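**Student:** the following block contains a protein sequence and its predicted model.
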Number of protein chains: 4
Amino acid sequence: MNGVTGRMGYRQHLVGSILAIRERGGLALPGGAVIWPEPVLVGRDAGKLAAIAARHGLADWTTSLDEALADPGVEVYFDAQVTTRRAAAVRAAVAAGKHVYTEKPLAATLAEALDLVRVAADAGVRGGVVQDKLFLPGMIKLRRLVEGGVLGRILSVRGEFGYWVFDGGWQPAQRPSWNYRAADGGGIILDMFPHWRYLLDHIVAPVRSVYATGATHIPLRYDEDGKPYDATADDAAYAIFELDGGAVAQVNSSWAVRVHRDELVEFQVDGTEASAVAGLHDCRLQHRGGTPRPRWDPDTPVTDDFRSQWQLVPGNTVPIGAGPASSGLAGAGAVAPSHSFLAQWELFLAHVIAGAPYRHDLLEGAKGVQLAELGMASWREGRRLAVPALQP
Amino acid sequence: MNGVTGRMGYRQHLVGSILAIRERGGLALPGGAVIWPEPVLVGRDAGKLAAIAARHGLADWTTSLDEALADPGVEVYFDAQVTTRRAAAVRAAVAAGKHVYTEKPLAATLAEALDLVRVAADAGVRGGVVQDKLFLPGMIKLRRLVEGGVLGRILSVRGEFGYWVFDGGWQPAQRPSWNYRAADGGGIILDMFPHWRYLLDHIVAPVRSVYATGATHIPLRYDEDGKPYDATADDAAYAIFELDGGAVAQVNSSWAVRVHRDELVEFQVDGTEASAVAGLHDCRLQHRGGTPRPRWDPDTPVTDDFRSQWQLVPGNTVPIGAGPASSGLAGAGAVAPSHSFLAQWELFLAHVIAGAPYRHDLLEGAKGVQLAELGMASWREGRRLAVPALQP
Amino acid sequence: MNGVTGRMGYRQHLVGSILAIRERGGLALPGGAVIWPEPVLVGRDAGKLAAIAARHGLADWTTSLDEALADPGVEVYFDAQVTTRRAAAVRAAVAAGKHVYTEKPLAATLAEALDLVRVAADAGVRGGVVQDKLFLPGMIKLRRLVEGGVLGRILSVRGEFGYWVFDGGWQPAQRPSWNYRAADGGGIILDMFPHWRYLLDHIVAPVRSVYATGATHIPLRYDEDGKPYDATADDAAYAIFELDGGAVAQVNSSWAVRVHRDELVEFQVDGTEASAVAGLHDCRLQHRGGTPRPRWDPDTPVTDDFRSQWQLVPGNTVPIGAGPASSGLAGAGAVAPSHSFLAQWELFLAHVIAGAPYRHDLLEGAKGVQLAELGMASWREGRRLAVPALQP
Amino acid sequence: MNGVTGRMGYRQHLVGSILAIRERGGLALPGGAVIWPEPVLVGRDAGKLAAIAARHGLADWTTSLDEALADPGVEVYFDAQVTTRRAAAVRAAVAAGKHVYTEKPLAATLAEALDLVRVAADAGVRGGVVQDKLFLPGMIKLRRLVEGGVLGRILSVRGEFGYWVFDGGWQPAQRPSWNYRAADGGGIILDMFPHWRYLLDHIVAPVRSVYATGATHIPLRYDEDGKPYDATADDAAYAIFELDGGAVAQVNSSWAVRVHRDELVEFQVDGTEASAVAGLHDCRLQHRGGTPRPRWDPDTPVTDDFRSQWQLVPGNTVPIGAGPASSGLAGAGAVAPSHSFLAQWELFLAHVIAGAPYRHDLLEGAKGVQLAELGMASWREGRRLAVPALQP
C-alpha cells in the first residue's frame, strides 16, 4: 500500500477498508474461503510509516517500493500517491507481476492512462481504479430507481457540485493549495470529471460528448503558510454532456459557490415516468402520479411548496452504515470503516483472488482521464467534443 | 391595443395595467399633469372584443387595425399578438406615426427586429418592449443587492427555469400546443432567451457569448383537442453564457423538468462578498460572514442544514403590491393590477408623453431576439458564439 | 497550583486544563518538543488536597506555599485564590523566580496590580492573567467578523449581562455570599469590568472613558447558612464606555435581572456594513443587504419577525469542543476539558517554555482592575472618567 | 387645527381622532351630553387645505391663523406644526382665549416651554400636550402590572429604542433629512427624551437625574433629492436615569442600530416580585415563582430557552383596537381611527368642555423638554445632572 501516509490513503483505504476487513474477520468468499489482507506499508517518510505501523500493530513497512514489489508474497499493489507519481509506480508493479488497484485519476493524461491499461493487459495482471461514489447510499438508491425503470426514459440530468473554499487570507482554506495550481496537478476539471464520468456511465448512460467552460473565479489565494499565490488552475467548470440515447447532463462543479442545497453534490434526473434528486446520502423521488401542474404566471403567487412534493426514497437494501457515518461510532475507535471504499475493496479482492466479475478496471480509470482531458480541450476551443470509445 | 383577446394581452396589459391606471386616477407626472389612457381595442374576433368592451365600459373597439391607426387621437400602438404577426403590424403603426409598445419577442428573427428598430428611428417615434421580470420583487431585491455592492465582484450565475408541462395525453397540457411546433414560432429558446438577455444585461453584466444545447425531450404531444402531434420545437435548453467582466452564467430552461425549488425560476448569483438566490418573489442572501466551511468528506455526515444558513432579503422599498399578489385584493375585483406590467407601462407612458428616460426600447427587444437566434445557431454548430454589439 | 480546592481552580484549571493536556499526550510545540505539565497542588486544607490528589493519581501536594516555591523543579506558579490573598502569593512566587499565571482580578486595586507588573518585570519572569471569555466560540466568531471587516466601521456595542441571583431566603442563592459584601472583595463591578475591558479592547477597540452607575438592588440577602446579612456591594452596574475611534459601548451587568435573552451575556455590535449579536456560544449576523427598513409608526402593526432576520454564524474554524460542551463527552469522564481555559493555558505554557508570543500578560490584568476602579469612582463622582494608558 | 397638512397632523389627529370621533357619533359625556368637534383647518398651503377639506367634506379652512383665532366659535387651538413655529402660535391662541392642545416637544427650550405654561395659567385657559405612547396597549398592560403591585418594588428599567435608518445613498432613508440637522431642530434626544420622561414618570417613578452620551454615528447622509449632507444632530443617545425611590433606568435610543427585538421599542422592568418586558403592543411577564436559577458557568452549555419562560400578558381591559391596527380596517376607509391619539383627544375634550380631570397638561410638556435639555447638557459636560422639580 503506497501512499498511506496521506489523509485519504490512511483513513479511507488502510484503516477504513483493509483494517476494517480484518476487524470483521476477513472477507468471506462464496465458497467458504476467507481473504485475510496483510498490508505492507510503503512510503517516503520512515517516521510516519513506523508510527502508523505501531499504532495498528502492523509489522511490515518499507520506504523502498522495489523491496516491497520484490516480495513474492505480495499480490496486490495499491497506489494512493499524488497523481504525478502514479504511472511509474504502477508500471513497476505490473512489471513485478502484481495486480494493481489505484486512486483516481489513473494518470495525468489519457495517453499515459491508456498505456497503463495496455501494459497491465499484456502482463496479464488485474487492475482496478477507485470509483467510490458509486457505493454511497444516495447513488445506490438512484441507481436502483434507474435500473428498476422507475424513472422511465431519462431525459436529462442536472448536477450541482461545490461549496465555498475560503481563499486562506481571512479564514483558512479547507483544501490544499496545490489544488489551485495547474503545475501541481490542480484544477477542478481533472479532480471531478473522472467522478462524473463513471457516475453518468454506470447509472444513467455513457457520455458521448462534452462542452465545458472553466473558470478561475478566485485568482489570488493564500497558502498553508498564509502567503499569497496565483491560482492558475480552474476552480469552477460548467459542463454540458450528451449521453447515449439522447439525454442531456448539465453539471456544474465549483469551489467558489455557496451552498443552497441539501448536500454538497446533488443530481436531479428527470424521466418520463418520474424524477429523482439524489445526493451522496439521500435520494428523493417525484413520480408523474404526484407531479404538480404549475402555471407560469408571474402575477399570481406561488402557493405550492414544491420541495414537499418529493418523497424520500428508503434505504431498503443499502448496506447499513454505507455512506456518511450517522452514529458516533466513526470517532470512537481506531478502525472506523469507510463503507463506500470498503465495499469496492471487497469487490476488487474477490476479483483478483477468486476471479469474481469486476467492472471498475483500469480502462474505466482511463475513461475518467479522457473526459477531463476533453473537457479542458472543449474549454480552450469553445466547442462541443465527441467522446470516442477507447481502444484498450 | 392589439391582441387583448389573448390571455396576456387582456389580463396583464388591458386590465392589469391600462384599466388599473384609470382606476387609480390616471398617471401623475412630476409637473402635476396627469396621463389618462383611453384604450382602443383591436382584434380579429368582434364578438370577443365587444364582450370585453362591455365588461369594462369601454366604447372603442374595432377589428380593423387600419381604422385604429388612422385615428389621429391614437398616440400609442400596443401589440400582444402572436410573434409571427407582430412585425407587419408594428411597421404599419410606425408608418402611421404612432409610438409603439410590444410584447416580446419583438420579432421572429434578428434581421426583422433590427429592421423595426430602424424604421421606428427613421420615423422619429418612440418604442418599447415588455421586460416585465425586471419589475418583479425578487428581481428588484437582487438588483438592489448587486447595485449596492453587497455581493462584491460577481463570479457566476446559475439559472434554473422550468416545470413539467404535461403532454396532454393523460393530464391536459398547461401550455398551448403551438409552443411545441417550430413552424408556429414555438420553442423554449425563442420564448425564454429574451428574458435571460435583459435580466443578465440589466442586473448582472452584458452577455458576451453563448453556448446552448437544445432538446426536444418529449417528441409526441397531444393538442387542445386531444390529438397527437409531433413536437418539432425545443422544449429544453441548457446554456452557458459568458458575461462582461468574466462572470459565467449557466442557465437551464425546460418544460420537461420536475420542480425541486422554491419558485419556477431561480437565479443563484455568487460573488466574492456574498451570494443571493432570487426567484420572482423572494430573494435570499448569504454573506461571507455567515458562509459555512464544509469539508468534502463523503465518509462523514452532512450536519449542516445549508438552506437555513440563508437570510430572506426584506422588501423595504419594493413597491407595495409589486409582484405576486399577497393580499386577497387581487382576486376581489375585476381590475387586479398586474404590478410588474403596470410599472413598465407607467415608465413607457411617461416616456412617450413627457419624454422621461426609458431603457426598454426596441433595440433592447432586438437584443433578446439576437440571443435566441445565437442560441439556436450555437446548438446547431456545437460551438460557443460571440454576442456582437448591435448596430441599430 | 494554588487554590485548586475552589470550584474554578479545580474544574477549569486543574482538571479541565492541566490534566486534560496530560490526557492528550502533552502539549506539542512547533519544533517537535512536548510540554508535559506536572502539577503541585497547594492549598490550606490538607484533607481536600489529599482527596483531589488521590482521585487523579497525583503525588505532589502541600499546604505550604513556601515549600512549593522552594522546589527548583517548579517553573510556573498558578493562583486561583480569593482576590484578597493573591498579591502576596504572587509576589512570593516572583521572588522565587517562578513564572506567574493567575485568575482575575489580578489584584483588588490598580496600585497593587501595577506593583505586581513591576516586580515581575524586574525579576524577569513571565506573567499571565486569565481572559477566558476570549476563547469561547461566540467571542471567537464575533472577533472573526470584526477582523474580517464584515461589520464595517463599528458604531456601537450593547452588552447585557446578568440573571436573577436568588437572595437565599426562599430559594437558595446560586452565588457565594461574599460576592455581595464589599469588605470581602465582592461587587459586580470588580468581578465583571475586567472581562468587559479585555473583550472590548481585544475584539472591538480600546476603552477610552467610562461612566457607570452602580446599585445594590437587593440590600438584604441570606447567606450559606440561611442567616440574613446586609449586601454592601454593588449587585448591578449600568455603564457607558467610549472606545478608541468613536464607538460607544453601553454595558449593563446585574445579578438582579430576569433573563429575556438567548444567553446570560450578549453583545450586540452594530457597524456600517453589518451587525452581530454574540453570546458566549452563538453569534448571529445581519448584513446591510438583509437589513429591514421599518417605519416608526406606532399606529400600524409590526409585521416583521425581526429576530428571524438574523443568520447564525457558522463555527468553521472554531476549535471542535471550544466553549460550552455540545456533545455528551464532557460529562462522560472525570477529565472533561474546559476548552476556553485550556486554550489559554496552552498559549501561556508555550510562552513561558518556548517563548511564543503572548498577549494576556500581567499588564492586561492591571487594565482590568483599572477599569473596575474607574467605574467605581465614576459612580461615586457622577461623571465620565478618562481611562489613561497604563505605565507598566 | 394648525399643521394638518403634515403627515402626523393629518393622519393621527384630524382623520384618526377628530373625524373618527364624528364617525362614531361624537364623544358622549357621562351626563349624557355629546361633544361634536367641528374642525377648522389652518395651514400655509391653501391648495393642500382645500384638498383635505374636500376629501372629508369639511367647510372650514383658512391660511390665516389670526382669522381662525378671531372666530369666537372656536374653543380649542391644536398645533402640529414643526417645533420652531409652535411657541408663537400657542401664545397667540392663548391671547385669544383658546384652550391649547399641542404635539410634543412643547417648545425647543425649557425656558420657552415654561413661559407657555405661565401665560396659559395667567390667561386661565386649559392646555394639553400629546403623550400618545401611554395609550398604546403594551404600555397600558405594563402600567396595569406596576399599579397592581405585580412587579413588587421596582429595581431597574432597560429601554431599547431604535432601528436602522438608511442613509439615503443606497436605499432611501425612511425619516426626513431635517431629523439629522441640528439647525433644523433634529436630533434623537430632542425627539425621544420627552417620550421617555412621561413614560417613566407616569408608569414607573419620576426621573431624578440623567446621564447621557450622544453620538452622530452616521455623519454623512443623503437627502430627499439624493444630495449628500452633513448630519449635525445626534442620531443615537445612551442614557442612564435615576428614578425616585432608587430604581435605575438605562435607555438607549438609536437610528443606527439593527433590530434584534420583538418591537422597535421595548422596556424591561425588573422588580422584586416579577419582571415585565413591554413593547408598544405586547407585554410579557416572568414572576419570581417562574424565575429560573441559571448558573454562570461558561463551560457548560446553556440549555434553558429563556425567552420561552415569559408569559404573554393578556389585553383584558385594553380597549379593542388600541395600538397597532391588527385588522384590515385601517386601510379600508378614509377614517381609520388612531386609537392611542384618539383616546387622549377624548380625555382632553372632556377636560376642556366638561372639566374632567386631565394629567397631560402643558407643564407635563415642559418636563419633556427639560429632560431633553438636561440630556444634551449632560453629554456636553460629561456628568450626571439632577432633574429639578419645575416651578410652573
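**Tutor:** Yep, it's here.

**Student:** assign a three-state SS to A:Ala212, would you?
**Tutor:** strand (DSSP: H, G, I helix; E, B strand; the rest coil).

**Student:** you'd agree it is up against A:Gly187?
**Tutor:** No - the criterion here is CB atoms under 8 Å, and A:Ala212 misses it with A:Gly187 at 11.6 Å. Heads up, the C-betas are built off the backbone N, CA and C, glycines and all.

**Student:** contacts only, for the closest residue to chain D within the stretch 51-200 of chain A.
**Tutor:** At 22.3 Å from chain D, A:Trp170 is the closest residue in the stretch 51-200 of chain A, using CB to the nearest CB. Residues counted as contacts of A:Trp170 (CB atoms under 8 Å, 6 or more residues apart in numbering or on different chains) are B:288, C:144, C:147-148.

**Student:** now, of these, which are buried?
**Tutor:** Taking 16 or more other CB atoms under 10 Å in any protein chain shown as the criterion, what is buried in the contacts of A:Trp170 is B:288, C:144.

**Student:** pick out the most distant pair among the contacts of A:Trp170.
**Tutor:** The span of the contacts of A:Trp170, defined through CB to CB, is set by B:Arg288 and C:Glu147 at 12.8 Å.

**Student:** can you map out the strands along the stretch 151-300 of chain A?
**Tutor:** A:154-162, A:207-215, A:220-222, A:228-230, A:236-243, A:248-254, A:265-271, A:274-278, A:283-287 (DSSP state E, counting those that start in this stretch).

**Student:** chain center to the fifth one: distance?
**Tutor:** Here strand A:236-243 shows a centroid-to-chain-centroid distance of 17 Å under the convention CA atoms, centre = their mean, to the nearest Å.

**Student:** before we move on, back to that, which of A:Ala212 and A:Gly187 has more neighbours?
**Tutor:** Higher neighbour count among A:Ala212 and A:Gly187: A:Ala212, with 27 against 24, using other CB atoms under 10 Å in any protein chain shown.

**Student:** what bridges to that one?
**Tutor:** A:Ala239 (DSSP bridges).

**Student:** check contacts around the closest residue to A:Gly9 other than its chain neighbours.
**Tutor:** Closest residue to A:Gly9 apart from its sequence neighbours, by CB to CB, 6 or more residues apart in numbering or on different chains: A:Ala80 at 3.4 Å. When contacts are counted by CB under 8 Å, 6+ apart, A:Ala80 touches A:1-4, A:6, A:8-9, A:13, A:102-103.

**Student:** got the phi/psi numbers for the residue of chain A most remote from its centre?
**Tutor:** The centre of chain A is farthest from one residue, A:Asp299, which by CA atoms, centre = their mean lies 44.5 Å away. Phi and psi for A:Asp299, reported as degrees, to the nearest 10, are phi -80, psi -10.

**Student:** name the nearest residue to it, sequence neighbours excluded.
**Tutor:** Nearest non-adjacent residue to A:Asp299 (CB to CB, 6+ apart): B:Ser338, at 4.8 Å.

**Student:** next, count neighbours for that neighbour.
**Tutor:** For B:Ser338, using other CB under 10 Å, the count is 27.

**Student:** shouldn't it be in contact with B:Ile18?
**Tutor:** No - if you go by CB under 8 Å, B:Ser338 and B:Ile18 don't touch, sitting 10.3 Å apart.

**Student:** B:Phe267 versus A:Gly185, what's the distance?
**Tutor:** 34 Å (CB to CB, to the nearest Å).

**Student:** more neighbours, those two?
**Tutor:** B:Phe267 (26 against 17).

**Student:** which parts of the stretch 51-200 of chain A are helices?
**Tutor:** Assigned by DSSP state H, counting those that start in this stretch, the helices in the stretch 51-200 of chain A fall at A:65-70, A:86-95, A:110-123, A:137-147, A:188-199.

**Student:** now render those helices as CSV, adding mean pLDDT.
**Tutor:** Listed next are the helices of the stretch 51-200 of chain A as CSV, based on pLDDT from 0 to 100:
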stretch, mean pLDDT
helix A:65-70, 96
helix A:86-95, 96
helix A:110-123, 97
helix A:137-147, 96
helix A:188-199, 97
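
**Student:** adding distance to chain D, write the ones you listed out as CSV.
**Tutor:** Below are the helices of the stretch 51-200 of chain A laid out as CSV (distance: least, CB to the nearest CB, whole Å):
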stretch, distance to chain D
helix A:65-70, 49
helix A:86-95, 47
helix A:110-123, 52
helix A:137-147, 32
helix A:188-199, 35
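
**Student:** for A:Tyr229, which non-adjacent residue is closest in space?
**Tutor:** A:Asp223 (5.3 Å).

**Student:** got the phi and psi for that neighbour?
**Tutor:** Residue torsions, per degrees, to the nearest 10, at A:Asp223 are phi -90, psi -170.

**Student:** could you do A:Ala46 as well?
**Tutor:** According to degrees, to the nearest 10, A:Ala46 has phi -60, psi -40.

**Student:** so for the nearest residue to it once chain neighbours are set aside, what's the pLDDT?
**Tutor:** What sits nearest to A:Ala46 in space, not counting adjacent residues and going by CB to CB, 6+ apart, is A:Thr63, at 5.2 Å. The model reports A:Thr63 with a pLDDT of 95.

**Student:** what is the burial count for A:Thr63?
**Tutor:** Number of residues near A:Thr63 (other CB under 10 Å) recorded here: 14.

**Student:** mind listing what it touches?
**Tutor:** By CB under 8 Å, 6+ apart, the neighbours of A:Thr63 are A:42-46, A:49.

**Student:** same for chain A: which of the contacts of A:Trp170 are within range?
**Tutor:** B:288, C:144, C:147-148 (CB under 8 Å from any CB of the partner chain).

**Student:** just how off-centre is stretch A:21-31 within its chain?
**Tutor:** The answer for stretch A:21-31 is 24 Å, by CA atoms, centre = their mean.

**Student:** could you list the low-pLDDT ranges of chain A?
**Tutor:** A:301, A:319-336, A:392 (pLDDT under 70).

**Student:** and with 90 instead?
**Tutor:** A:6-8, A:30-32, A:82-84, A:185, A:295-304, A:315-340, A:391-392 (pLDDT under 90).

**Student:** counting contacts, what elements does the longest helix anywhere in it pack onto?
**Tutor:** Under DSSP state H, the helix in chain A containing the largest number of residues is helix A:362-381. Counting contacts by 3 or more CB pairs under 8 Å, 6 or more residues apart in numbering or on different chains; DSSP states H and E, helix A:362-381 packs against helix A:110-123, strand A:127-129, helix A:188-199, strand A:207-215, strand A:236-243, strand A:385-386.
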